[in-house]
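**Q** here is my input, please return the structure:
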Amino acid sequence: MKSIIGSRVLFLFLGILISCVETGDYSLPEIEVLEPNVTVNSSIEILISTFNDSGNDVLDFNSIGTGLVIQGYVVSSDEAGNMYKVLSIQNKPENPTAAIQLTIDAVDMYSFYNIGRKVYVKLDGLGMHDNNGVLEIGKINGGSIDRIPFFNNIEKDNVLRSSEVAEIIPRELNSIADINESHISMLVSLNGLQAENKGQTYGDLDNTFNVNRVFNSCVDGERIIMRNSGFADFKAQSIPDKSGMITAVVGNYRGDFQLFIRDTNDVNLTEARCDPIFGEDFQTVTNNTNLDIDGWINYAEAGSKVWIERVYQRNGYAEFNPFRSGDASNIAWLITPGINLDEHEGEVLSFQTQHAYPDEGHDPLEVLISTDFNGEEGGIESATWAPLSFKVSYLENFSSWFTFTDSGEIDLSAYSGTAYIAFKYTGSDTNNENMTLNIEKVKVSEN
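**A** As a prediction, the model looks like this:
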């Protein structure tokens, strides 16, 4: 969000520091910055470690010392309106190892704390808290944290600009799965991303609510949210229907990592999309209900149990568990919709499994393919089903239970026509063959 009044007051505050440059356009004037006379005696890393070790909701920096000063490089920008009253700084312009967020009661800070600007933060009167997953520095107000007042001599008392403006090189991450807590408030780049839904704009055109746009990784199949403000200048722009690199500041909301772009220059989607021929990640399921996804068949050949929908820590998956069914035989089929293999070449199947409570000698899962199945429950047992070879390990060590593992790529290139993939569980509750088994991220793609 931008404020015209805030901008005017900000430039008035700059006062005699401004030296105008006659360029014939309306670009921002150059600002002379003198190097502050301060001594850095702490670091972002030390503050984060101290906060985590304290076990407190709020860390008052005065409780650990006075006259503490840290330094960092600005990586955020509110110029396009997608970031509001926050300043993200990291410890180095390239290959950073720590970052932190400052909460400041000001808008249009990009003209003062521009990207790459080295800053010094004097910590007297400040503190830190965990703001829904993001460690944040602000003004101590009793037992809580407020925004740092911008116009209360912030340049003198709290956040001092250095004369140095460095080139910021985003921290390159191989995949979404590589993001961890150390990257929060840091500028990173991720390749091989694409919007999950085609044709979306960055924001909602009819309101100013913040929106989540989901992006998928062509590298590891993971998903991540891009969080966009309803006041962003670019909210009406369409997200390119391509894949490629995104540069963003990493956020977090109650355990879910998020991406915050400064503007659309951070989005470089120019490559062909990597949409699978078929994919199901079970993210629309409802916890503890019989699995009922359009096109899928959930069929009990023997026993009373069918596959169910599960959600744990906001991740959905399919589960079969015959425990306490009282059935002597449990045979349950979970079959994909028909997949056209004639329009592609080199098709491969992949999926993930996890398990718990394994029974010695019990191998419950078969993965089968049929090209003569008619797509109806009544035709399951009369169709020709060929077994597919995949990797799975039923580990006895309980510490490894409930850990998703990859099946590896399963070659489907020998098959043609419309194919159906079946996940068939065979077990028995009364014979103690009742392992819990989960299926996730089912995908058929071109190799």
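
**Q** contacts and neighbour counts: CA atoms only from here.
**A** Will do.

**Q** gap between the closest residue in space to Ile148 that isn't next to it in sequence and Tyr113?
**A** Spatial nearest neighbour of Ile148, excluding adjacent residues (CA to CA, 6 or more residues apart in numbering): Ile104 at 4.5 Å. Note on Ile104: its distance to Tyr113, by CA to CA, to the nearest Å, is 11 Å.

**Q** hang on, the earlier thing: any idea of the pLDDT on the residue nearest to Ile148?
**A** Ile104 is assigned 96 on the pLDDT scale.

**Q** hang on, it packs against Leu87?
**A** Yes - with contact defined as CA atoms under 8 Å, Ile104 counts as touching Leu87 (7.3 Å).

**Q** host element of the residue nearest to Ile148?
**A** Assigned by DSSP states H and E, Ile104 belongs to strand 99-105.

**Q** and the next helix or strand after that strand, how far from the chain's centre?
**A** Next helix or strand after strand 99-105 toward the C-terminus (DSSP H and E): strand 117-122. On the basis of CA atoms, centre = their mean, to the nearest Å, strand 117-122 sits 28 Å off its chain's mean C-alpha point.

**Q** if I look at Ile410, how far off is Ser393?
**A** Remark: distance between Ile410 and Ser393 (CA to CA) = 16 Å.

**Q** of these two, who's got more company?
**A** Higher neighbour count among Ile410 and Ser393: Ile410, with 16 against 11, using other CA atoms under 10 Å.

**Q** what pLDDT is listed against that one?
**A** pLDDT at Ile410 comes out at 97.

**Q** hey, what's it bridged with?
**A** Beta bridges link Ile410 to Leu349 when assigned by DSSP bridges.

**Q** where in this structure is pLDDT low?
**A** Where the chain drops to pLDDT under 70, the residues are 1-31, 152, 155, 395-396.

**Q** quick one: the helices in it?
**A** Remark: helices assigned in the chain by DSSP state H are 4-14, 44-54, 154-157.

**Q** the shortest one packs against which elements?
**A** Put plainly, it is helix 154-157. In terms of contacts (3 or more CA pairs under 8 Å, 6 or more residues apart in numbering; DSSP states H and E), helix 154-157 is packed against no helix or strand at all.

**Q** ok, now how distant is the nearest residue to Tyr73 once chain neighbours are set aside from Val33?
**A** Leaving aside its sequence neighbours, Tyr73 sits nearest to Lys118 (CA to CA, 6+ apart; 4.4 Å). Going from Lys118 to Val33 by CA to CA gives 11 Å.

**Q** more neighbours, those two?
**A** Comparing Lys118 with Val33 by other CA under 10 Å, the one with more neighbours is Lys118, at 24 against 13.

**Q** listing partners with orientation, what would you give for the strand holding Ile104?
**A** When DSSP bridges is applied, strand 99-105 pairs with strand 86-90 (antiparallel), strand 134-141 (parallel), strand 148-149 (parallel).
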